[in-house]
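*Asks:* After the sequence you'll find the predicted model.
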Amino acid sequence: MAKVMAVNAGSSSLKFKLYEMPEEKVLCSGNAERIGHEDAIFGIKWNGQEEKNILPILDHAAAVELLVKALIDKGIVKSMDEIVACGHRIVQGGKYFSKSELFNKDTEDKIESLIPLAPLHNKAHLVGFRAFKKILPDSVNVAVFDTAFHQTMSEEDYLFPIPYEYSEKYDCRRYGAHGTSHKYLSQVGLKYCEGIAHPKMIICHIGSGASLTAVKDGKCVATSMGLTPLGGIMMGTRTGDLDPSVMNYLCKCTGKSVEEMYQIFNKKSGFLGVSEVSNDSRDVLKACEEGNKKAIIANRLFVRRIADFIGQYFVRLGGADLIIFSAGIGENSTITREQICDAIAPALGIEIDKKLNASIRGKEALLSTPNSKIKVAVIPTDEEVMIARDTYAYYLKK
């Protein structure tokens, strides 16, 4: 048995989950939020108990120190030496990483070089790694990349139709995201594809950030996010795919710089921008029920974009055996799942049990009826366990 920590460091947050491996038993989990503020929040769950405190957490190092103190004080570990390995989620691995890798100088340098492709993520991931490395200098540290699963795409799926020298010289191409989640879901989804020689899945990881992936034989064929997480479907605050001329046109209309408009596309668009209500789909759906016209069109736009990508991937795969809904909206928003299924049903011949669908929140279930031409399932994602598995595998090689 070995204790392995799965870490997901964001720009102002630090999520963690401690596992007993190889049993994959969760010993504790938690999150430090609003790092850098006097009123930050540190929460931890362990042994059926939960605690949350508001206090100053000025940087990620302070968050890690709080975590260490909590682990010891609550008897989760007797000594930090019990934690033999830490796995770190890394959003952007670029062209360099097609699988998880041990953290060494080369890995660290490459992750740092990719900060421009994921400025809010990669920089924070490195801060988190360095903070844990300082506390646990003898532990095995592993980088688990969101982009790795998508490295199996062919050139015609990942290249952009721009001058080839830009693709070659600047590594400007589709990388995708949420790969750790898509890989997990593709593995769990196999239980619904028994007897199928070459299973074809369309995986919908739909949360505040969202992406769809076409998977055949367990490998990514195509994915919706692009060079950065801004691409693909509409999201909580992100535009998703746009006519490229929108950037030039709106900069001329508003007098804003490219950087200012880029930030608007990232942080003030999507559900928030169209509805003018919220970036949270729950708030938007509530506003829809109240008759808010902008909220209604925002929700329709969201559903339409997802339906369009499902149709696109059905063609790309040459059919589909399974459609999976996952992540915050996919797992919990019964009405959104129903609306998406209604949108694609006439073309793809799917049929779901709407009464069953209405009862499913945050748990796995097969929603499709026996009459459905494609199976439809809800599968809660678990990125942390994938991080722990890869990290434990490297620990065993030590």
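*Replies:* Noted; the coordinates are in hand.

*Asks:* Can you point out the buried residues in the least confident helix or strand in the chain by mean pLDDT?
*Replies:* Least confident helix or strand, the chain: helix 122-135 with a mean of 85, by mean pLDDT, DSSP states H and E. Within helix 122-135, the residues that qualify as buried are Asn122, Lys123, Ala124, His125, Leu126, Val127, Gly128, Phe129, Arg130, Ala131, Phe132, Lys133, counting by 16 or more other CB atoms under 10 Å. Yep, even glycine has a C-beta here, placed from its N, CA and C like the rest.

*Asks:* ok, which stretches of the chain are strands?
*Replies:* 2-9, 13-21, 25-33, 37-46, 49-57, 83-90, 101-102, 140-145, 200-206, 210-216, 219-223, 322-326, 365-366, 375-378 (DSSP state E).

*Asks:* Now mean pLDDT too, for those, in JSON lines please.
*Replies:* As requested, the strands of the chain are exported to JSON lines (pLDDT from 0 to 100):
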{"stretch": "strand 2-9", "mean pLDDT": "90"}
{"stretch": "strand 13-21", "mean pLDDT": "90"}
{"stretch": "strand 25-33", "mean pLDDT": "91"}
{"stretch": "strand 37-46", "mean pLDDT": "90"}
{"stretch": "strand 49-57", "mean pLDDT": "90"}
{"stretch": "strand 83-90", "mean pLDDT": "92"}
{"stretch": "strand 101-102", "mean pLDDT": "92"}
{"stretch": "strand 140-145", "mean pLDDT": "93"}
{"stretch": "strand 200-206", "mean pLDDT": "97"}
{"stretch": "strand 210-216", "mean pLDDT": "96"}
{"stretch": "strand 219-223", "mean pLDDT": "97"}
{"stretch": "strand 322-326", "mean pLDDT": "97"}
{"stretch": "strand 365-366", "mean pLDDT": "96"}
{"stretch": "strand 375-378", "mean pLDDT": "97"}
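
*Asks:* Let's have these in a markdown table, adding mean neighbour count and distance to Arg238.
*Replies:* What follows is the strands of the chain, written out as a markdown table (neighbours: other CB atoms under 10 Å; distance: least, CB to CB, whole Å):
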| stretch | mean neighbour count | distance to Arg238 |
| --- | --- | --- |
| strand 2-9 | 25 | 19 |
| strand 13-21 | 22 | 18 |
| strand 25-33 | 19 | 21 |
| strand 37-46 | 16 | 24 |
| strand 49-57 | 14 | 27 |
| strand 83-90 | 25 | 19 |
| strand 101-102 | 18 | 28 |
| strand 140-145 | 26 | 21 |
| strand 200-206 | 27 | 13 |
| strand 210-216 | 27 | 9 |
| strand 219-223 | 22 | 15 |
| strand 322-326 | 27 | 18 |
| strand 365-366 | 17 | 29 |
| strand 375-378 | 24 | 24 |
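
*Asks:* Quick check: which helices or strands does the longest helix along the chain pack against?
*Replies:* Secondary structure of the chain per DSSP state H: the longest helix is helix 293-317. Counting by 3 or more CB pairs under 8 Å, 6 or more residues apart in numbering; DSSP states H and E, the packing neighbours recorded for helix 293-317 are strand 200-206, strand 210-216, strand 219-223, helix 270-275, helix 281-289, helix 334-348.

*Asks:* Now for Phe103: which residues touch it?
*Replies:* His88, Phe129, Lys133, Asn141, Val142, Ala143 (CB atoms under 8 Å, 6 or more residues apart in numbering).

*Asks:* And the pLDDT for it?
*Replies:* pLDDT recorded at Phe103 is 91.

*Asks:* can you check Tyr392 too?
*Replies:* Listed pLDDT for Tyr392 reads 94.

*Asks:* Count the neighbours of it for me.
*Replies:* Neighbourhood size, Tyr392 [other CB atoms under 10 Å]: 21.

*Asks:* Check the one 4 residues further on too.
*Replies:* In terms of burial, Leu396 registers 11 neighbours under the definition other CB under 10 Å.

*Asks:* And the pLDDT at it?
*Replies:* At Leu396, pLDDT is 88.

*Asks:* who's in contact with Ile352?
*Replies:* Neighbours of Ile352 in contact, by CB under 8 Å, 6+ apart: Arg337, Glu338, Cys341, Leu367, Ser368, Thr369, Ser372, Val376.

*Asks:* ok, the closest residue to Arg173 other than its chain neighbours - contacts?
*Replies:* Among residues not flanking Arg173 along the chain, Tyr158 sits closest, at 5.0 Å (CB to CB, 6 or more residues apart in numbering). Listed by CB under 8 Å, 6+ apart, the contact set of Tyr158 reads His150, Arg173, Arg174, Tyr175.

*Asks:* now Lys78
*Replies:* Counting by CB under 8 Å, 6+ apart, Lys78 has contacts Ile72.

*Asks:* same thing with the one 3 residues further on?
*Replies:* Asp81 makes contact with Asp138 under the criterion CB under 8 Å, 6+ apart.

*Asks:* now it: how far from Phe160?
*Replies:* Distance from Asp81 to Phe160, counting by CB to CB, to the nearest Å: 48 Å.
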